[in-house]
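Novice: one predicted model, sequence on top.
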Amino acid sequence: MQSMPALVRIRPLALSDLDNVMTWVNDPDIVGNFAAFSGKPFTREDEAAYLAKLLASPNDRVFSIERAADGAYLGQVGIHQIHWPSRVGRLACIVGSRAEMGKGHGTAAIGAVLDRAFGEAALHKVWLMVAKSNARARAIYARIGFVEEGVLREEYFLRAAWHDMVRMSLLDREWRALREKT
């Protein structure tokens, strides 16, 4: 994977990010692929409570993505559901502005959070779930280094249909080997 350190920077999530998160959190085209999205709009109070829960959680490491050039807020990236005894966690990334999608910001943010996950957090494995029908996202994750582990049949109900989900993962030794090549 080609490293893009100058494209974005990540910083720990803060409650002060609430206004930025509210710009995309109720957009089904942005969050509709996340299992937590019920289709019911999140109120400002709902989202503030969720952010506070994330900040207090010992099993979530969430960061805000900023464009390196000017510090503009772009979205969130994090490792969730960390199971510390096994050193395994789930990746999630959202670029919240359609105008900023497709420019490599998400890929760069994922690289930065993987550096932290496999570095300071000393995780062994990071996994993610993606809709089987989302060929573009699966290709991006594969390019980063994730491998498909299996398909969960009809795992997720979205827009009046069941969707198969693909679980993908990346091991710490695989990430280190990829980083050594760049």
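Specialist: Arrived safely, thanks for sending. Residues are numbered from 1 along each chain as shown.
Novice: how near is Arg179 to Pro85?
Specialist: 26 Å (C-beta to C-beta, to the nearest Å). (Each C-beta comes from the backbone N, C-alpha and C, glycine too.)
Novice: and if you look at Glu154?
Specialist: For Glu154, the distance to Pro85 - C-beta to C-beta - is 30 Å.
Novice: swap in Gly119?
Specialist: Relative to Pro85, and taking C-beta to C-beta, Gly119 is found at 19 Å.
Novice: who has more neighbours, those two?
Specialist: A count of neighbours by other C-beta atoms under 10 Å puts Gly119 above the other of Gly119 and Pro85, at 13 against 5.
Novice: now do the same for the more buried one: its pLDDT.
Specialist: With respect to pLDDT, Gly119 scores 96.
Novice: now Met1
Specialist: 46.
Novice: same question for Ile94.
Specialist: Looking at Ile94, the pLDDT reads 88.
Novice: just checking, what packs against the host helix or strand of it?
Specialist: Assigned by DSSP states H and E, Ile94 falls within strand 88-95. Packing partners of strand 88-95 (3 or more C-beta pairs under 8 Å, 6 or more residues apart in numbering; DSSP states H and E): strand 61-67, strand 73-83, helix 105-118, strand 125-131.
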